[in-house]
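> just a sequence and a predicted model for now, questions to come.
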Amino acid sequence: MTSDAPVGARPPAGKTFFGHPRALSTLFLTEMWERFSFYGMRAILVLYLTAAVADGGLGIGESSANAVYGTYNAMVYLMALPGGWVADRLIGARRSVLWGGVVIAAGHYVMAIPTGWSVFAGMTLIVLGTGLLKPNISTMVGDLYERDSPRRDAGFSIFYMGINLGAFIAPLITGFLGEKINWHLGFGAAAIGMTFGVVQYVAGRRNLGDAGARPADPLLGADRRRALTRVGVATAVVLLVLLVLLLAGWFTVDTVVNLLTVVTVLVTVAYFARILTDREISDTERSRMKAYVWLFVFAASFWLIYDQAGSVLNIFAADRTDRNVGGFTFPASWLQSVNPILIIVGAPLAAWLWLKLGHRVSTPTKFAVGLVLNGLSFVLMAAAAQAAVGGDLVSPWWLVAVYAIQVAGELSLSPVGLSATTKLAPVKYASQMLGLWFLATAVGDAIGGQVARLADSWSQATYFLTFGLASVVLGLAAVMFTRQIRGLMAGIH
């Protein structure tokens with residue numbers, strides 16, 4: 001088996017979806033509804049956590065709420081690793097997506113129960129379900145194309161547009177229901193969205209052919225039994241640790257958040273070490289993985305800043321912006337829809353651009369552009385924070401401008417990174433590599449949640465300017481290493 005073989009089986013030829021395989025429409029719509037549920041809940045999560053108990057919230061301080069938000073996002077993406085393993089070794093990508101969607105929907109329904117404990121129990125289920133769904137649906141998109149096809153980036157950009165269509169609609173619905181009526185009603189709307197996604201996926205599976213139908217590297221017989229035993233032991237250890245924390249009186253929000261942050265970083269290091277030292281992968285695959293380490297660091301740094309839109313920037317929208325239009329004060333969470341609507345507009349342009357440019361602009365260069373633009377967005381945010389000094393309310397157009405710059409950066413990095421992951425992946429680690437790509441988001445979000453604590457102790461202008469300039473500098477450094485990274489990619493563009 002060569003490292004250049006396509007992963008999985010492509011569906012049969014037939015009707016197309018915007019010039020791409022028809023199966024892309026099924027995956028597009030499934031991901032759209034899953035992202036509706038995810039971003040709908042995420043848009044109101046921090047606002048709910050920080051809202052006073054008298055207003056139906058939990059009354060958690062902003063510092064801890066930001067850390068919870070970052071850690072929750074991190075766990076969602078961290079679980080993509082075992083989710084990819086389950087698909088690769090046990091049940092295949094197709095069934096992983098189905099069961100992941102069912103568990104996610106259950107999590108959102110639990111969050112809709114109007115009690116304090118339901119939110120954390122529901123988030124736990126969503127984390128587990130998203131781990132099954134998220135990496136494996138992207139793997140199935142990759143199965144639709146030859147590994148080095150120029151149309152591959154365009155296909156992922158269209159798929160990415162589906163993600164953002166769900167992300168655009170969701171805050172408008174959950175934000176209004178949550179902020180204006182009842183927080184748990186907003187969480188319930190997210191549950192209904194995921195239910196639509198599951199129904200649509202089941203109805204459209206006939207378009208998929210054999211894509212994702214079988215595990216890429218199935219465990220059989222004694223190997224399967226040993227693996228399941230290890231999973232059981234690992235689960236028991238996790239539960240034991242949680243029990244010890246509870247009995248010792250250390251089971252607090254901050255303790256759990258700090259522990260999970262450390263675990264996320266350690267898992268990342270261990271997983272890269274495992275792949276790079278695996279004797280079953282070829283020298284070419286190992287070289288490509290070394291290139292991927294660089295891309296991973298760039299991506300994690302990008303998400304550290306970018307995903308603060310739902311925490312630090314969301315709170316800024318609630319507390320520091322003038323949201324009154326014609327006597328109606330629109331929900332702060334509605335501004336979370338700005339980013340995805342801009343991506344909906346920009347994604348087709350990006351797909352056309354990458355197809356037009358072909359291999360003339362390398363993946364590392366696109367990553368560098370994303371980092372620089374992401375940093376500049378926080379530099380602009382520093383100016384907005386300075387304008388709000390003294391308690392003045394600023395125009396929400398500041399945030400619109402910030403999100404516009406971030407969108408340009410995201411389109412340079414995120415869909416391209418998904419495509420690069422499927423191209424650079426050793427065949428043995430096909431679905432797991434998609435999990436590793438999402439682990440970059442996990443690391444960025446976990447560390448970002450801890451970094452966001454500084455927004456409480458630093459002036460906001462200083463906070464945004466410091467991390468904005470750091471991202472710009474890292475992006476410029478990425479440009480300097482482009483040639484070396486391309487060399488390690490061994491013919492992959």
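All right, it came through fine. These numbers were taken from a predicted model, which means no experiment stands behind them. Numbering: from 1, shown residues only.
> pLDDT weak spots in the chain?
1-20, 146-150, 153, 211-212, 245-247, 249-251, 358-359, 430-432, 490-493 (pLDDT under 70).
> do that again at 50, thanks
1-9, 11-12 (pLDDT under 50).
> show me the strands in it, by range?
Counting by DSSP state E, the segments of the chain that form strands are 16-17, 20-21, 324-325, 328-329.
> what are the contacting residues of the last one?
Taking contacts as C-beta atoms under 8 Å, 6 or more residues apart in numbering, the residues outside strand 328-329 that touch it are residue 323. All C-beta atoms are positioned from the backbone trio N, CA, C, and that covers glycine.
> centre of the chain to it, how far?
Chain-centre distance of strand 328-329: 31 Å, with C-alpha atoms, centre = their mean, to the nearest Å.
> could you do stretch 480-493 as well?
With C-alpha atoms, centre = their mean as the basis, stretch 480-493 stands 25 Å off its chain's centre.
> can you check stretch 397-415 too?
How far stretch 397-415 lies from its chain's middle: 15 Å, per C-alpha atoms, centre = their mean.
> then stretch 85-105?
Stretch 85-105 has its C-alpha centroid displaced from the chain centroid by 17 Å (C-alpha atoms, centre = their mean).
> residues of it that come out buried?
Residues 85-101, 103-105 are the ones in stretch 85-105 that count as buried (16 or more other C-beta atoms under 10 Å).
> ok, now stretch 170-182?
Neighbour counts using 16+ other C-beta under 10 Å place 170, 171, 172, 173, 174, 175, 176, 177, 178, 179 of stretch 170-182 among the buried residues.
> CA atoms only for that stretch - export them in CSV, please.
Provided in CSV are the C-alpha atoms of stretch 170-182 (Å, rounded to 0.1, in the frame of the first residue of the first chain):
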residue,chain,number,x,y,z
ALA,A,170,-27.9,29.5,14.7
PRO,A,171,-27.0,32.6,16.9
LEU,A,172,-29.9,34.5,15.4
ILE,A,173,-32.3,31.9,16.7
THR,A,174,-30.6,30.7,19.9
GLY,A,175,-29.5,34.2,20.8
PHE,A,176,-32.9,35.7,20.6
LEU,A,177,-34.5,32.7,22.5
GLY,A,178,-31.7,32.6,25.1
GLU,A,179,-31.1,36.2,25.8
LYS,A,180,-34.7,37.5,25.4
ILE,A,181,-36.8,34.6,26.7
ASN,A,182,-35.0,31.8,28.5
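> distance of residue 344 relative to residue 137?
Distance of residue 344 to residue 137, given as C-beta to C-beta, to the nearest Å: 19 Å.
> compare the two (neighbour count), which wins?
Ranked by neighbour count (other C-beta atoms under 10 Å), residue 344 and residue 137 place residue 137 first, with 26 against 18.
> how about that one, nearest residue that isn't a chain neighbour?
Closest residue to residue 137 apart from its sequence neighbours, by C-beta to C-beta, 6 or more residues apart in numbering: residue 97 at 5.1 Å.
> isn't that neighbour up against residue 139?
No: taking contacts as C-beta atoms under 8 Å, residue 97 lies outside contact range of residue 139: 9.3 Å.
> do you know how far residue 483 is from residue 238?
With C-beta to C-beta as the criterion, residue 483 and residue 238 are 43 Å apart.
> one more: residue 206?
Distance of residue 206 to residue 238, computed by C-beta to C-beta: 38 Å.
> burial check on the residue lying closest to residue 442 once chain neighbours are set aside, number of neighbours?
Distance criterion C-beta to C-beta, 6+ apart; nearest residue to residue 442, sequence neighbours excluded, is residue 77 at 3.8 Å. Per other C-beta under 10 Å, the neighbour tally for residue 77 reads 28.
> also residue 62?
Applying other C-beta under 10 Å, we find 18 residues neighbouring residue 62.
> what's near enough to touch it?
The contact partners of residue 62, by C-beta under 8 Å, 6+ apart, come to 50, 315, 455, 456.
> mind running it again at 7 Å?
Residues in contact with residue 62 (C-beta atoms under 7 Å, 6 or more residues apart in numbering) are 50, 315, 456.
> output these in JSON lines, with neighbour count and distance to residue 263 appended to each entry.
Shown next, in JSON lines, are those (neighbours: other C-beta atoms under 10 Å; distance: C-beta to C-beta, whole Å):
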{"residue": "50", "neighbour count": "24", "distance to residue 263": "25"}
{"residue": "315", "neighbour count": "21", "distance to residue 263": "26"}
{"residue": "456", "neighbour count": "14", "distance to residue 263": "24"}
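> just those residues: which are in helices?
Mapping the contacts of residue 62 onto helices (DSSP state H) picks out 50, 315, 456.
> excluding covalently adjacent residues, which one is nearest to the first one?
Translated: residue 50. Per C-beta to C-beta, 6+ apart, closest to residue 50 is residue 65, 4.8 Å.
> just the last one next, same as before
Spatially, and ignoring its direct neighbours in sequence, residue 456 is nearest to residue 63 (4.5 Å; C-beta to C-beta, 6+ apart).
> wait, isn't that neighbour in contact with residue 451?
No: at 11.2 Å, residue 63 does not count as touching residue 451 under the criterion of C-beta atoms under 7 Å.
> between the two, tell me which one has more neighbours.
More crowded of residue 63 and residue 451, by other C-beta under 10 Å: residue 451, with 20 against 16.
> how far away is the nearest residue to residue 408 once chain neighbours are set aside from residue 310?
Of all residues not flanking residue 408 in the chain, residue 373 sits nearest, at 5.1 Å (C-beta to C-beta, 6+ apart). To residue 310, residue 373 is 19 Å away according to C-beta to C-beta.
> over to residue 298?
21 Å.
> repeat that for residue 117.
Per C-beta to C-beta, residue 117 is found 22 Å from residue 310.
> higher neighbour count, the two?
With neighbours defined as other C-beta under 10 Å, residue 117 and residue 310 compare such that residue 310 has more, 27 against 9.
> the more buried one reaches residue 70, doesn't it?
No: Residue 310 sits out of contact with residue 70 when judged by C-beta under 7 Å, with a separation of 9.2 Å.
> residue 259 - how many residues pack around it?
By the criterion of other C-beta under 10 Å, residue 259 has 15 neighbours.
> let me fix that, I meant to ask about residue 260.
For residue 260, the neighbour count with other C-beta under 10 Å is 19.
> ok, and the closest non-adjacent residue to it?
residue 71 (5.1 Å).
> and for residue 160?
residue 415 (4.3 Å).
> and that neighbour, how far from residue 141?
Between residue 415 and residue 141 the distance is 10 Å, computed by C-beta to C-beta.
> can you check which residues contact both of these two?
Listed as contacting both residue 415 and residue 141 by C-beta under 7 Å, 6+ apart are residue 156.
> in contact with the closest residue to residue 313 other than its chain neighbours, which residues?
Distances taken as C-beta to C-beta, 6+ apart put residue 399 closest to residue 313, at 6.5 Å, once the chain neighbours are dropped. Residue 399 sits next to 313, 317, 321, 335, 338 when contact means C-beta under 7 Å, 6+ apart.
> what's the answer for residue 70, then?
Listed by C-beta under 7 Å, 6+ apart, the contact set of residue 70 reads 311, 445, 446, 448, 449, 452.
> can you rerun that using 6 Å?
With contacts defined as C-beta atoms under 6 Å, 6 or more residues apart in numbering, residue 70 is in contact with 445, 448, 449.
> list just the nearest of those to residue 201.
Nearest to residue 201 among those is residue 445, at 26.1 Å by C-beta to C-beta.
> for that closest one, give me its contacts.
Taking C-beta under 6 Å, 6+ apart, we find residue 445 in contact with 70, 73, 74, 307.
> right, I'll call it a day here.
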